[in-house]
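In: Build the 3D model from these lines:
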Amino acid sequence: MNRETAEADAQAATPMRNFSLLLSPTPRGARLARLLATEQLRSWELPLQPAEHIVAELASNAVTHGRVPGRDFRLTLYVVGDTLRIEVTDTRGDRLPYVQEAAPDGESGRGLLLVGALADRWGVAHGPAPRKTVWAEVTIGPTGSRPVPSRSLAARPDA
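Out: Here you go, the predicted model:
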């Protein structure tokens, strides 16, 4: 068996998993998104971190900045191969997220900085109108654990 065939067979044997639900655009809905995502990841035997924090931030942003009364937001989790994709879709496509400088003593404004630090990739997908989807991807290892980054740490001068 050649390498390409073996890789294709391994990918075909890896099931694609997904989980999706609508939640109310309220603080309770954001908390429920985090709790349900955590339980779903646990049932898939995947690590809870950093996904739990990413879901919490994206759901909170959907409730705070993407809320339209009477319109729910959607949480979706996909696992394909070694990638977990987290998506939160709201109905305020006219209000795109952006990373902002938070005041040092501010109590908010750091959510997307946190998402950027925890996720391997993140972005925004437009539509269909009036929606937008903010997504983040995290690479997970074959056993469900997140691989250790290959970055080397510089030796401390006092060590």
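In: ok, for V79, nearest residue in space, not its chain neighbours?
Out: Once flanking residues are discounted, V79 sits nearest to R17: 4.3 Å by Cβ to Cβ, 6 or more residues apart in numbering. Heads up, the C-betas are built off the backbone N, CA and C, glycines and all.
In: which residues sit in contact with that neighbour?
Out: When contacts are counted by Cβ atoms under 8 Å, 6 or more residues apart in numbering, R17 touches W44, L77, Y78, V79.
In: Among those, which ones are in strands?
Out: Members of the contacts of R17 lying in strands (criterion: DSSP state E): L77, Y78, V79.
In: quick one, longest helix in the protein?
Out: Longest helix in the chain by number of residues (criterion: DSSP state H): helix 27-43.
In: Off-centre distance for that one?
Out: Relative to the centre of its chain, helix 27-43 is centred 12 Å away, using Cα atoms, centre = their mean, to the nearest Å.
In: Repeat that for stretch 114-121.
Out: Using Cα atoms, centre = their mean, the offset of stretch 114-121 from its chain centre is 8 Å.
In: Give me the contact list for it.
Out: Residues contacting stretch 114-121 (Cβ under 8 Å, 6+ apart): P50, H53, I54, E57, L58, I86, V99, W122, A136, E137, V138, T139.
In: Quick one: mean pLDDT for it?
Out: Across stretch 114-121, pLDDT averages out at 93.
In: Spatially central residue in this protein, please.
Out: I86 (3.4 Å; Cα atoms, centre = their mean).
In: wait, isn't that one in contact with V79?
Out: No: with contact defined as Cβ atoms under 8 Å, I86 does not reach V79; the gap is 10.3 Å.
In: element containing G116, please.
Out: Secondary structure from DSSP states H and E places G116 in helix 111-118.
In: Counting neighbours, which bits of that helix end up buried?
Out: G111, L112, V115, L118 (16 or more other Cβ atoms under 10 Å).
In: swap in stretch 61-78?
Out: Result for stretch 61-78 [16+ other Cβ under 10 Å]: buried residues N61, A62, V63, G66, R67, D72, F73, R74, L75, T76, L77, Y78.
In: Next: stretch 28-35.
Out: For stretch 28-35, burial by neighbour count (16+ other Cβ under 10 Å) applies to G29, A30, L32, A33, R34.
In: Return the closest of these with respect to H126.
Out: When those are compared for distance to H126 (Cβ to Cβ), A33 wins out at 21.3 Å.
In: residues in contact with the closest one?
Out: The contact partners of A33, by Cβ under 8 Å, 6+ apart, come to L23, V55, A56, A59, F73, L75, V88.
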